[in-house]
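Asks: sequence and computational prediction follow.
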Amino acid sequence: FFFSSRRRHTRQRSVSWARRCVQETGTWGLQFMNTQKTEGYLLKWVNMWPGWQKRYFVVQDKFVIYKETFEAPTKGTINLEDAEISMSPKNDLKMIIKYARNTIKLKAKSVTEKLQWIDWLRQAKAGRTTASTILAVKSPSTPVKSVVDIEGHISDLEAKNLELTSILNKRFLQDNNKMVGHLTHIFSIQTSMEETLASFVHEVQALTKNEKAMKLAEKLEGLSNELKTVAQEALYSTCKHHNKSCPEKRLAANPHIEPDERKKSEEEAKDGSSGNNSLDSVDDEGFDTANEEEISKNLDDTVVKDLVEYRHCLPAKRSNLAKVSVWQILKDMIGKDLTRFSLPVYFLEPITMLQKVTEVLEYENLLRQAAINQDSLVRMANVIGFLVAQYSSAENRTKKPFNPILGETYEYVTSDYKFFSEQVSHHPPISACHCSSDLYEFWMHTNMTYSFWGKSLEAKPLGSLNVYLKRFNERYVVTRPTSAACNVLIGSLYIDNYGDCVITNTRTGEKATVKFKPRGWFGKNYGCVQGIINNAAGTPIYEINGTWIDQLVLKKISTGEEKVLWKRNPKPEEWANYYFFSEFTYQLNNLTEKLKKTLPHTDSRFRPDQRALENGDLKLAQTEKVRLEELQREARKMKEKRKIQHEPIYFSETTDEITKEKTYRFNGKYWEDREKHNWSHLPSIFSQLATRIE
């Protein structure tokens, strides 16, 4: 996370060896290759501190050795005989080698080069020494001069696309090796598409007055995107099948992990298997093979993250008191001082609002897709997908999250992004958050107005969700729908989201309107979402239809072409017994020994009342909740007596220069304090914490 600038610097220092890979024949390949051995430079993930480092790899017989430079001594040896060689599903440049109990993560300079390396590694593993020709994708040998040339390329690629779609439909799930071979072929052709498109982009620009040329170029780009979707679906199918057959090896996201913890979890996942302790698996770079794994054993969440064995459920199922109605609250209020009445914990779920806001990141991959797409309207569609997808977690979630204590914080960090939130106000309760990656930033706060209408309690957001795409210098301002708890007094309680949302690209002036339809009688229209994406001139170009419960479909109005924009991840088993949490939400309150040493004492994971509820101890949870609320009241009285006004530590209240709304700007100091492990200036908001969270 905070070493991302170092990684970028490392990449910038790397020699531009991709140019050396182009041979006179126009075929992409490595500079060093013969029938005896393959050798050349790749980037290798070492660990969190140096990040990606250039290493010189030599593939010979059934072994791979690597070193810092061509002349340097060997740093590690890999025996390919029992190794697993795979590709990352969400990064076109990465590949993974698993052997014994170790994992090597590599990155090539181009997609084609990665495919060649994978082919050579698999051939070496199989005992063959000649390089495959299927991955030697030809770049167009001559520039595109006319519309006829473009038509020729499209005709060829359309045929390949039909072939690959047929391959996917056959679903060779019982023969994993065969499917992997087809996937390699898919990625190869998709790379060919992208290189073909890039090769004549300038010529197409010269033919801008030719309407047919422009339509053909647009069609080719659409084919390239479609084929990438086909490849990802096929990869998902293959890995999902493998996952079902090996449940004990399922892995998923945990943002923090020590190398020795990862090795321990891998050993436990193998259920005591001894592994390979030979010298072939020795790596004198220490634990670098174990960090930031990208094995997609569980593709329910397709975002590429640090992987480790994780929680598939909470420590305890929710209490049967979950079915108590609002009338139970009224009963508990009898004879109580209402100014000090504490909402019973059986009406709560074991996360705070700071953690609930983090749930938007379950579909963070939509932002990454938006950040690299060349079509500004498709980028907007992905931002809309990100907006709608976050509400999928609201289905059946009728319980309320814990209100954060003033000054409470929460972080969630992966190799792709770092997220931070802070409770910046108590009256009204406001949580501010900020998330950043190498491709984007987004920020928002939870200030709302509440209205009670007899049967429903409405919460209307007052601030916008903001997304900034770094590559295009674009900011998207997104208004959000109204959320409501319906049938509060009588009937079956449910959550609904409704209202019109406006999404604006402040750089291009393009706008979209998305309508969340309210649930009608007998559940009609429940979850329905409809939207229109307009260009800068106000002309509708795309339609969006679907639900915030299941999926969204993007349709191009002029051609009628459709594609799935977003699809909900599968629900966990017994999710009804665990507060209807998704597997992503299961991880938000997971507190490891390493995190206890790393996080500030204000982090939500240290809340004793929430921890007790997660563990199924309602009595302790209620006791601790009352204690914390009393502490907060005393702190507020003391500040009022001393005329001290609370100031957020990591956010500052300001007025947005574009929307003119009140907003909270992140100052970035949290990551500086985290690096120095300097938390002495933070308040002790949970007091006797150490004895309460065990």
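Replies: That came in fine, so what should we check first?
Asks: tell me which helix or strand comes right after the longest strand along the chain.
Replies: For the chain, the longest strand by residue count, based on DSSP state E, is strand 494-505. The helix or strand immediately downstream of strand 494-505 is strand 511-516, counting by DSSP states H and E.
Asks: that next one to strand 494-505, inter-axis angle?
Replies: Interaxial angle, strand 511-516 versus strand 494-505 (axes from the mean of the first three to the mean of the last three C-alpha atoms, to 10 degrees): 180 degrees.
Asks: other residues contacting strand 511-516?
Replies: Here strand 511-516 makes contact (C-beta atoms under 8 Å, 6 or more residues apart in numbering) with 380-381, 384, 387-388, 391, 481, 497-505, 528-534, 538, 544, 548. For the C-beta atoms, the positions are set from N, CA and C on the backbone; glycine is no exception.
Asks: list buried residues within those.
Replies: Neighbour-count burial (16 or more other C-beta atoms under 10 Å) is assigned, among the contacts of strand 511-516, to 380-381, 384, 387-388, 391, 481, 497-499, 501, 503-505, 528-529, 531, 533-534, 544, 548.
Asks: run through the residues that contact the residue lying closest to residue 669 once chain neighbours are set aside.
Replies: Of all residues not flanking residue 669 in the chain, residue 650 sits nearest, at 5.8 Å (C-beta to C-beta, 6 or more residues apart in numbering). Neighbour list for residue 650: 409, 420, 422, 666, 667, 668, 669, 670 [criterion: C-beta under 8 Å, 6+ apart].
Asks: burial of the fifth one, as a residue count?
Replies: So the one you mean is residue 667. With neighbours defined by other C-beta atoms under 10 Å, the count for residue 667 comes to 13.
Asks: show me what contacts it?
Replies: 650, 651, 652.
Asks: against residue 470, how distant is it?
Replies: Noted for residue 667: a distance of 19 Å to residue 470, by C-beta to C-beta, to the nearest Å.
Asks: please apply the same query to the fourth one.
Replies: Between residue 666 and residue 470 the distance, using C-beta to C-beta, works out to 16 Å.
Asks: the two: who's more crowded?
Replies: It is residue 666, of residue 666 and residue 470, that has more neighbours when counted by other C-beta under 10 Å, with 21 against 13.
Asks: from residue 495, how far off is that one?
Replies: On the measure of C-beta to C-beta, residue 666 and residue 495 end up 29 Å apart.
Asks: assumed residue 360 was part of a helix.
Replies: Yes. Under DSSP: H, G, I helix; E, B strand; the rest coil, residue 360 falls within a helix.
Asks: phi, psi for the residue nearest to residue 669 please.
Replies: phi -110, psi 0 (degrees, to the nearest 10).
Asks: contact partners for the nearest residue to residue 426 once chain neighbours are set aside?
Replies: In space, and not counting its chain neighbours, residue 426 is closest to residue 406: 4.4 Å by C-beta to C-beta, 6+ apart. Counting by C-beta under 8 Å, 6+ apart, residue 406 touches 423, 425, 426, 632, 635, 636, 646, 685.
Asks: and the fourth one, what pLDDT?
Replies: Residue 632 is assigned 88 on the pLDDT scale.
Asks: where does the prediction get shaky in the stretch 51-200 of the chain?
Replies: For the stretch 51-200 of the chain, the stretches flagged by pLDDT under 70 are 89-90, 128-200.
Asks: circling back: out of the contacts of residue 667, who's nearest residue 396?
Replies: Taking C-beta to C-beta as the measure, residue 651 is the one of the contacts of residue 667 closest to residue 396, at 32.0 Å.
Asks: hey, what's that closest one bridged with?
Replies: residue 666 (DSSP bridges).
Asks: and it, how many neighbours?
Replies: So residue 651, with other C-beta under 10 Å, has 26 neighbours.
Asks: wait, it sits on residue 423?
Replies: No. Applying C-beta atoms under 8 Å as the test, residue 651 and residue 423 come out as separate, 9.9 Å apart.
Asks: hang on, the earlier thing: CA atoms only for the longest strand of the chain, dumped as CSV, please.
Replies: Once non-C-alpha atoms are left out, strand 494-505 reads as follows in CSV (Å, rounded to 0.1, in the frame of the first residue of the first chain):
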residue,chain,number,x,y,z
TYR,A,494,-37.5,-5.1,4.5
ILE,A,495,-34.9,-2.6,3.1
ASP,A,496,-35.6,-0.7,-0.1
ASN,A,497,-33.6,1.8,-2.2
TYR,A,498,-35.4,4.3,-4.5
GLY,A,499,-35.0,7.6,-6.2
ASP,A,500,-33.2,9.2,-9.1
CYS,A,501,-29.4,9.4,-9.2
VAL,A,502,-27.4,11.7,-11.5
ILE,A,503,-23.8,10.8,-12.5
THR,A,504,-21.8,13.6,-14.1
ASN,A,505,-18.4,13.5,-15.8
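Asks: before we move on, back to that, and the contacts of residue 650 as TSV, adding secondary structure, distance to residue 515 and pLDDT?
Replies: Converted to TSV, the contacts of residue 650 look like this (DSSP: H, G, I helix; E, B strand; the rest coil; distance: C-beta to C-beta, whole Å; pLDDT from 0 to 100):
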residue	secondary structure	distance to residue 515	pLDDT
409	strand	35	97
420	strand	32	97
422	strand	33	97
666	strand	31	97
667	coil	36	96
668	coil	36	94
669	helix	40	96
670	helix	37	97
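Asks: among those, which ones are buried?
Replies: 409, 420, 422, 666, 670.
Asks: quick one: contacts for the first one?
Replies: Residues in contact with residue 409 (C-beta under 8 Å, 6+ apart) are 354, 420, 421, 422, 423, 600, 602, 603, 604, 650, 670, 682.
Asks: which non-adjacent residue is nearest the first one?
Replies: For residue 354, ignoring the flanking residues on the chain, the nearest one in space by C-beta to C-beta, 6+ apart is residue 410 at 3.9 Å.
Asks: I'd like to know how many residues surround the one you found.
Replies: Look at residue 410: counted by other C-beta under 10 Å, it has 28 neighbours.
Asks: same deal with residue 526?
Replies: 17.
Asks: now it: which helix or strand?
Replies: Using DSSP H and E, residue 526 falls outside every helix and strand.
Asks: again, but for residue 76
Replies: strand 74-79.
Asks: residue 434 belongs to a helix?
Replies: No. Read with three-state DSSP, residue 434 is strand and lies in no helix.
Asks: from residue 418, how far off is it?
Replies: 9 Å.
Asks: swap in residue 348?
Replies: From residue 348 to residue 418 the distance is 28 Å (C-beta to C-beta).
Asks: ok, the two, which is more surrounded?
Replies: Neighbour totals were compared for residue 348 and residue 418, and residue 348 leads with 23 against 20 (other C-beta under 10 Å).
Asks: my read: the more buried one touches residue 401, true?
Replies: Yes. Applying C-beta under 8 Å, one finds residue 348 in contact with residue 401, separated by 6.9 Å.
Asks: give me the number of residues near residue 584?
Replies: Residues lying near residue 584 (other C-beta under 10 Å) number 22.
Asks: my read is that it contacts residue 362, right?
Replies: Yes. Residue 584 lies in contact with residue 362 (C-beta under 8 Å); the separation is 4.1 Å.
Asks: do me a favour and get the end-to-end distance for stretch 452-460?
Replies: Terminal residues of stretch 452-460 are spaced 12 Å apart (C-alpha to C-alpha, to the nearest Å).
Asks: now do stretch 78-96
Replies: End-to-end span of stretch 78-96 (C-alpha to C-alpha): 12 Å.
Asks: now do the buried residues in that stretch.
Replies: Quick answer for stretch 78-96 (16+ other C-beta under 10 Å): 78-80, 83, 85-90, 92-96.
Asks: phi, psi of the residue nearest to residue 426?
Replies: phi -60, psi 120.
Asks: distance check, it against residue 430.
Replies: In terms of C-beta to C-beta, residue 406 sits 10 Å off from residue 430.
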